[in-house]
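> next comes the sequence, and after it the predicted model I'd like to discuss.
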Amino acid sequence: MFCSDTIDNTASKYTDSNTFSVYPRTCARTYITASYTLGGALLGVFGSTAIGKQMWSEVVADASYQATSTANRPKLKDQFICHAVNPTTIWKSSWNLDTNRPDVSLLDTYKALCNPDY
């Protein structure tokens, strides 16, 4: 992996609207795009890849993430993985992880373009 700082933690924030906005660095997005075939097939394995682990550990270490309820964290991780492997969302300026979204499977999160319906 060519970048050690994968998330811009100075920009990431938890807002009043119950959204945790994550700002992945360009090097992380480039690495994912160049190293993997993006899409649903990557869903089950991305979290165990070196970059998936690195990125998620930076997210959970963030003070804004720490402000989210522990009950919401599994669905936030699903939304995070979805944004990382989804070719339609990986290059969005921020990956918005919404605590109010329902807790559905990772596959259903992906099918909903990372935003499962309420």
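Alright, I've got the coordinates.
> switch to C-alpha atoms for all contacts and neighbour counts from now on
Will do.
> from the chain's centre, how far out does stretch 89-103 sit?
When C-alpha coordinates are averaged (Cα atoms, centre = their mean, to the nearest Å), stretch 89-103 and its chain have centres 7 Å apart.
> before we move on, what about stretch 17-24?
Distance, centroid of stretch 17-24 to centroid of chain: 9 Å (Cα atoms, centre = their mean).
> now the end-to-end length of it.
20 Å (Cα to Cα, to the nearest Å).
> and what of stretch 4-17?
30 Å.
> show me what counts as buried in that stretch.
Thr6, Ile7, Asn9, Ser12, Lys13, Tyr14 (16 or more other Cα atoms under 10 Å).
> just to check, the fifth one is in contact with Ser64?
Yes: Lys13 is within contact range of Ser64, at 5.3 Å (criterion: Cα atoms under 8 Å).
> and the buried residues of stretch 4-17, which two are furthest apart?
Comparing every pair within the buried residues of stretch 4-17 by Cα to Cα identifies Thr6 and Tyr14 as the most remote, at 18.2 Å.
> CA atoms of the least confident helix or strand in the chain by mean pLDDT as PDB?
Ranking every helix and strand in the chain by mean pLDDT, DSSP states H and E puts helix 63-66 at the bottom, with a mean of 82. Provided in PDB are the C-alpha atoms of helix 63-66 (Å, rounded to 0.1, in the frame of the first residue of the first chain):
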ATOM      1  CA  ALA A  63     -13.000  11.500  17.800                       C
ATOM      2  CA  SER A  64     -16.200  12.200  15.800                       C
ATOM      3  CA  TYR A  65     -16.700   8.500  15.200                       C
ATOM      4  CA  GLN A  66     -16.400   8.000  19.000                       C
END
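> how far away from the center of its chain is that helix?
14 Å.
> also stretch 29-46?
Worked out by Cα atoms, centre = their mean, stretch 29-46 lies 12 Å from the chain centre.
> please name the residues that touch the residue sitting nearest the centre point of the chain.
The centre of the chain sits closest to Phe80, judged by Cα atoms, centre = their mean, with a distance of 1.8 Å. Going by Cα atoms under 8 Å, 6 or more residues apart in numbering, Phe80 touches Trp95, Leu97.
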